[in-house]
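Q: No letters, just coordinates:
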């Protein structure tokens, strides 16, 4: 963003320099040296940057609540020595980058030519540099916009991808000893209310199952088929609460005869078992029987490869969380029911709970913040670039105002005059977009490669966005040029 602002400043300063030619000529005739003029223009740039910095600090301080909401963290503006030194460094860097070249150009003007003409004409080199800087500016903005779109679409894909279980309408309740001891009573009391759909046990938060890998051994296993399962302790209620689909066999039934497990479909594929239900296998060295097969579901974020899952049957004493599926149409009443039943068994501790969907969203918080920031940067950079386009268009109109009048005298119509003004910017935007698309494609693809499950690069969106940028620029330039194209040529060239 700072680079785009500097390019804007350089472009507008060098453009304005041709309108200050008489001032520069007079100062040189009265004895001002090139060094003195260079120093003057650098000082002007310095004070402009200082005023802009003070305004930026004021705006930053006033906009903190909005920024805090954007990044989901509290912030404090602290003017420590380190921060002040950093600010001074940015200020000096900005002054040098934005002021040096315009100062060199303006201090080098020939005083005789400056005083004889009403305004010095741009040299081909100056015009070429200005066009190149404008292309760089538009490229930077277009790349930021295109990458921001990719980030947003990837995050949207991750948030809305079918994760294999229903995360909505589930409360994760932290049980006390009273609820563990009287779990069957607590569960039955909850299920007697129509607002409660299912109640189950788990020994882990399903969206945070790190370091829960287990090994299994089964008939026909070979060394090449060894792999790790993600182990989740649960009961039949957990399968119901999460809305897992039983593809083969039955749910866990709490039988004491032999320990039961359920495995995901992906686990069956890895194991190569044709009829897994009822087979006895070893889980971490202990004999268990496969009661059923459930659909595949994610226990990690989508930047990691999904691994097979085994649901290991546990008792209430082994559980750390109670999963309660409630009626989403009546959240307040459902919470009241759960709280009432909770307090029936526990009179000393208040209820501690969280929502599964909120826990899930927290896993993507950093990416969500990145998406918010990238969208904000996208809007700011685009706005600054368009401000630069407006400034350059204004200068271009002033510089070529009489040319447009003369062309009208010789028979040019409004459309031809508009085309004259539009074609310069059309070439700049087309070249900038042709550069921006492959650059954005490369960086977007590199970022997406860090995800195990990702979207395809939205080539159609790339084409649409670059088309929108081109259209907006053409509308801005065309609307501003329309006045020059429709002005009476007699008013424009009456001095000639």
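A: That came through, no problem. Please read all numbers here as calculations on a predicted model, not as lab measurements.

Q: Kindly provide the distance from residue 478 to residue 279.
A: Going from residue 478 to residue 279 by CB to CB, to the nearest Å gives 73 Å. C-beta coordinates here come from the backbone N, C-alpha and C atoms, glycine included.

Q: in its sheet, what does whichever strand in the chain runs longest sit against?
A: Counting by DSSP state E, the longest strand found in the chain is strand 286-294. Sheet pairing for strand 286-294, assigned by DSSP bridges, gives strand 246-249 (antiparallel), strand 260-264 (parallel), strand 280-283 (antiparallel).

Q: show me the residues around residue 206 that make contact.
A: Neighbouring residues of residue 206 by CB atoms under 8 Å, 6 or more residues apart in numbering: 165, 232, 242, 299, 356.

Q: Isn't the first one up against residue 243?
A: The reference is to residue 165. Yes: with contact defined as CB atoms under 8 Å, residue 165 reaches residue 243; the gap is 5.8 Å.

Q: Between those two, which is the more surrounded one?
A: Applying other CB atoms under 10 Å to residue 165 and residue 243 shows that residue 165 carries more neighbours, namely 23 against 18.

Q: And the pLDDT at the more buried one?
A: With respect to pLDDT, residue 165 scores 91.

Q: same thing with the one 10 residues further on?
A: Residue 175 is assigned a predicted lDDT (pLDDT) of 91.

Q: got it, and the one 10 residues further on?
A: If you check residue 185, the pLDDT there is 93.

Q: does it sit in a helix, a strand or a coil?
A: Of the three states, residue 185 takes helix under DSSP: H, G, I helix; E, B strand; the rest coil.

Q: Tell me, how many residues neighbour the residue lying closest to it once chain neighbours are set aside?
A: Among residues not flanking residue 185 along the chain, residue 345 sits closest, at 7.3 Å (CB to CB, 6 or more residues apart in numbering). By other CB under 10 Å, the residues close to residue 345 number 18.

Q: which residues does residue 345 contact?
A: Counting by CB under 8 Å, 6+ apart, residue 345 has contacts 176, 178-179, 182, 185-186.

Q: quick one: which two of those are the most distant?
A: 176 and 185 (13.7 Å; CB to CB).

Q: helix or strand right after the host helix or strand of residue 374?
A: Using DSSP states H and E, residue 374 maps to helix 365-399. Once the chain leaves helix 365-399, the next helix or strand it forms, by DSSP H and E, is helix 401-409.

Q: before we move on, the earlier item: how about the contacts of residue 345 in TSV, adding neighbour count?
A: Below are the contacts of residue 345 laid out as TSV (neighbours: other CB atoms under 10 Å):
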residue	neighbour count
176	15
178	16
179	23
182	17
185	13
186	23
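
Q: what ranges do the strands span in the stretch 101-250 of the chain?
A: Using DSSP state E, counting those that start in this stretch, the strands of the stretch 101-250 of the chain run over residues 170-173, 196-202, 213-217, 228-234, 246-249.

Q: Worst mean pLDDT among these?
A: Looking at the strands of the stretch 101-250 of the chain, the bottom one is strand 213-217 with a mean of 75.

Q: strand partners of that one, parallel vs antiparallel please.
A: Paired neighbours of strand 213-217 in the sheet (DSSP bridges): strand 228-234 (antiparallel), strand 280-283 (antiparallel).

Q: want to try TSV for those strands, with distance to residue 326 and mean neighbour count as columns?
A: Formatted as TSV, the strands paired with strand 213-217 follow (distance: least, CB to CB, whole Å; neighbours: other CB atoms under 10 Å):
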stretch	distance to residue 326	mean neighbour count
strand 228-234	18	22
strand 280-283	32	16
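
Q: so which of the ones you listed gets nearest residue 470?
A: Residue 470 lies closest, by CB to CB, to one member of those: strand 228-234, at 48.9 Å.

Q: That closest one vs strand 196-202, what angle?
A: Following axes from the mean of the first three to the mean of the last three CA atoms, to 10 degrees, one obtains 120 degrees for the angle between strand 228-234 and strand 196-202.

Q: what's the offset of strand 228-234 from the middle of its chain?
A: Relative to the mean C-alpha coordinate of its chain, strand 228-234 is positioned 33 Å out (CA atoms, centre = their mean, to the nearest Å).

Q: Quick check: buried residues in the helix or strand where residue 444 lies?
A: Using DSSP H and E, residue 444 maps to helix 414-448. When burial is assessed from 16 or more other CB atoms under 10 Å, helix 414-448 yields the following buried residues: 417-418, 420-422, 424-425, 428-429, 431-433, 435-437, 440-441, 444, 448.

Q: Quick check: residue 351 touching residue 340?
A: No: Residue 351 is beyond contact range of residue 340, at 10.1 Å (criterion: CB under 8 Å).

Q: Look at those two and report which has more neighbours.
A: Neighbours were counted for residue 351 and for residue 340 using other CB under 10 Å; residue 351 has more, 17 against 12.

Q: one step back: take the strands of the stretch 101-250 of the chain and lay them out in a markdown table including distance to residue 81.
A: Converted to a markdown table, these look like this (distance: least, CB to CB, whole Å):
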| stretch | distance to residue 81 |
| --- | --- |
| strand 170-173 | 46 |
| strand 196-202 | 51 |
| strand 213-217 | 48 |
| strand 228-234 | 49 |
| strand 246-249 | 64 |
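
Q: Could you say which one of these comes nearest to residue 285?
A: Across the strands of the stretch 101-250 of the chain, residue 285 has its closest neighbour in strand 213-217 (8.3 Å, CB to CB).

Q: and the closest one, how far out from the chain's middle?
A: Computed by CA atoms, centre = their mean, the chain-centroid distance of strand 213-217 equals 38 Å.
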